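Q: Sequence plus the predicted model coming up.
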Amino acid sequence: MAKRPIFIPSYSHYPYTKEIIIDFEWYPGFAKTQAQKSIHSLHNEAKKRGISPILEISSKSLDSLGVSLSAFNLTLTVENLTMSVECAFQGSKVFKNGGPYTDLYRSTSIEAKKNVRIKESGELIGFNFLGMEFPTRPFTLFYDWIYLIALSQNPTLSERMLKYSGFSDIAFNPEHSINCQARSAALFVALSNSSEIDMNLLISDKNYYLEVMGEKNQQYGRTPKNPNQLGFSF
């Protein structure tokens, strides 16, 4: 047995998502088919608790939409530069001993994730994305922002998300990671349907985004076991 969260949109107030932990049968092994068996098991157990339909967002998803929404595949374009969400995230990290390593914006997602500088530059102290600085807390603040931008730029994908009641990422283990693309997907759905949030302004105005999701909410969020590497899971 294993435990994984299902993220569902919450339309009432910050943090605009709810995390429901589901116990399910885990199928060990590195094969994609094993991961998909685990996804099927997770979704079946969540359905018993009234959460359905659910979209798995990862490269292991049984749905092509979920694969496309993986941060390895989902892209955003800023200042005529197109990159994956993963490359934007890794290339914007600022460490005590280096960064941001903006050359990673032009690399592949796997190259950005495995770049040795990400692991050898010391403590993560912030993010700098094309001159825009973000703090490390709340822990998912910057990650959520670039994922929201990418979704807003890909309406043919994001509009199809709106029919889902929940989102999962089979590789995400909250005991070891803090950022999760499934959580950001649920956040996008909630914010897109909120009558109190200006979604266009949220994406385009960093200060408005920080007002809604950031500075006044510094106490929110779990403390990751490794706060120096707040990475995606796949």
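A: Cool, got the structure. Numbering: from 1, shown residues only.
Q: just checking, residue 170 touches residue 57?
A: No - if you go by Cβ atoms under 8 Å, residue 170 and residue 57 don't touch, sitting 9.4 Å apart. Every residue, glycine included, has its C-beta placed from N, CA and C.
Q: So for this protein, the centremost residue is which one?
A: A centroid search over the chain (Cα atoms, centre = their mean) returns residue 181, at 2.6 Å, as the residue closest to the centre.
Q: Sketch out the low-pLDDT regions of the chain for me.
A: Segments of the chain classed as low confidence (criterion: pLDDT under 70) are 215-234.
Q: Which stretches in it count as strands?
A: With DSSP state E applied, the chain shows strands at 2-9, 17-24, 54-56, 75-78, 81-84, 93-95, 124-129, 132-134, 166-168, listed in chain order.
Q: mind checking which of the ones you listed is nearest residue 176?
A: In this view, those are compared for proximity to residue 176 by Cβ to Cβ, and strand 2-9 is the closest at 12.1 Å.
Q: all helices for this protein, in order.
A: Listed in chain order, the helices of the chain (DSSP state H) span residues 32-48, 64-68, 85-91, 109-114, 116-120, 141-153, 155-161, 181-192, 199-204, 206-213.
Q: Kindly format the C-alpha coordinates of the second one as PDB.
A: Taking only C-alpha atoms (Å, rounded to 0.1, in the frame of the first residue of the first chain), the coordinates of helix 64-68 have been written out as PDB:
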ATOM      1  CA  SER A  64      -2.300  12.400 -23.500                       C
ATOM      2  CA  LEU A  65      -3.500  15.600 -21.900                       C
ATOM      3  CA  GLY A  66      -1.800  14.700 -18.700                       C
ATOM      4  CA  VAL A  67       1.500  14.000 -20.600                       C
ATOM      5  CA  SER A  68       1.300  17.300 -22.300                       C
END
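Q: Check which helices and strands it sits against.
A: In terms of contacts (3 or more Cβ pairs under 8 Å, 6 or more residues apart in numbering; DSSP states H and E), helix 64-68 is packed against strand 54-56, helix 155-161.
Q: Give me the buried positions along it.
A: Neighbour-count burial for helix 64-68, counted by 16 or more other Cβ atoms under 10 Å, picks out 65, 66, 67, 68.
Q: Just give the nearest non-adjacent residue to the third one, would you?
A: Of all residues not flanking residue 67 in the chain, residue 61 sits nearest, at 5.0 Å (Cβ to Cβ, 6 or more residues apart in numbering).
Q: circling back to that earlier point, may I see the helices of the chain organised as CSV, with distance to residue 21 added?
A: Supplementary listing: these in CSV, determined by distance: least, Cβ to Cβ, whole Å:
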stretch, distance to residue 21
helix 32-48, 10
helix 64-68, 20
helix 85-91, 25
helix 109-114, 26
helix 116-120, 29
helix 141-153, 20
helix 155-161, 22
helix 181-192, 13
helix 199-204, 28
helix 206-213, 23
